[in-house]
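Undergrad: Next come a sequence and a model predicted from it.
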Amino acid sequence: MLSAGTSGKQFEANQLLVQFSADIPATKARAAIIAQGGRVVREIKAMQVYHVLLPVGNSLMDELERYRRIRGVIFAEASYRRPVRNSNVRE
C-alpha cells in the first residue's frame, strides 16, 4: 500500500528501512526486528541496512518510533519509492 509523505514522495505504508551500527551482529539485528513483529525482506550487508515488512494494521509512525529506540539503530525511515533511471534506455 502506497502513501504520500509530507514531501509528496510515495512510500510503502507497511515497510521501513533500518540501519544498525557496525558493532551489532546481524543475528542480533534480525532478532531485534523479529521481536518487534517485523520480517526482514532484504538485507544490504555492506551497510547493515534491513528492509523490514511490518505487521498489518500497525501505524508506520508508531513503528518508526519503536525501531528508533532499539539499541544500535542508526536510523529507521519509511521505504520511499524512487524512480529508477537508466541512461542506457532511449525513450
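TA: Done, it's in.

Undergrad: Spatially central residue for the protein, please.
TA: Nearest to the geometric centre of the chain sits residue 17, at 1.5 Å (Cα atoms, centre = their mean).

Undergrad: Which element, helix or strand, includes that residue?
TA: strand 10-20 (DSSP states H and E).

Undergrad: Give the other helices and strands that the helix or strand just after that strand contacts.
TA: Next in sequence after strand 10-20, counting helices and strands by DSSP H and E, comes helix 26-35. With contacts taken as 3 or more Cβ pairs under 8 Å, 6 or more residues apart in numbering; DSSP states H and E, helix 26-35 sits against strand 10-20, strand 39-44, strand 49-53. For glycine as for every other residue, the C-beta is placed from the backbone atoms N, C-alpha and C.

Undergrad: Recalculate using a threshold of 10 Å.
TA: For helix 26-35, the packing partners by 3 or more Cβ pairs under 10 Å, 6 or more residues apart in numbering; DSSP states H and E come out as strand 10-20, strand 39-44, strand 49-53, strand 73-80.

Undergrad: which one of these lies closest to residue 26?
TA: Judged by Cβ to Cβ, the one of the helices and strands packed on helix 26-35 that comes nearest to residue 26 is strand 39-44, at 7.3 Å.

Undergrad: ok, residues contacting that closest one?
TA: 15, 17-19, 26, 29-30, 33-34, 49-55, 79 (Cβ atoms under 10 Å, 6 or more residues apart in numbering).

Undergrad: got TSV for the helices and strands packed on helix 26-35, with mean pLDDT and distance to residue 64 too?
TA: As requested, the helices and strands packed on helix 26-35 are exported to TSV (pLDDT from 0 to 100; distance: least, Cβ to Cβ, whole Å):
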stretch	mean pLDDT	distance to residue 64
strand 10-20	86	6
strand 39-44	95	16
strand 49-53	96	11
strand 73-80	91	5
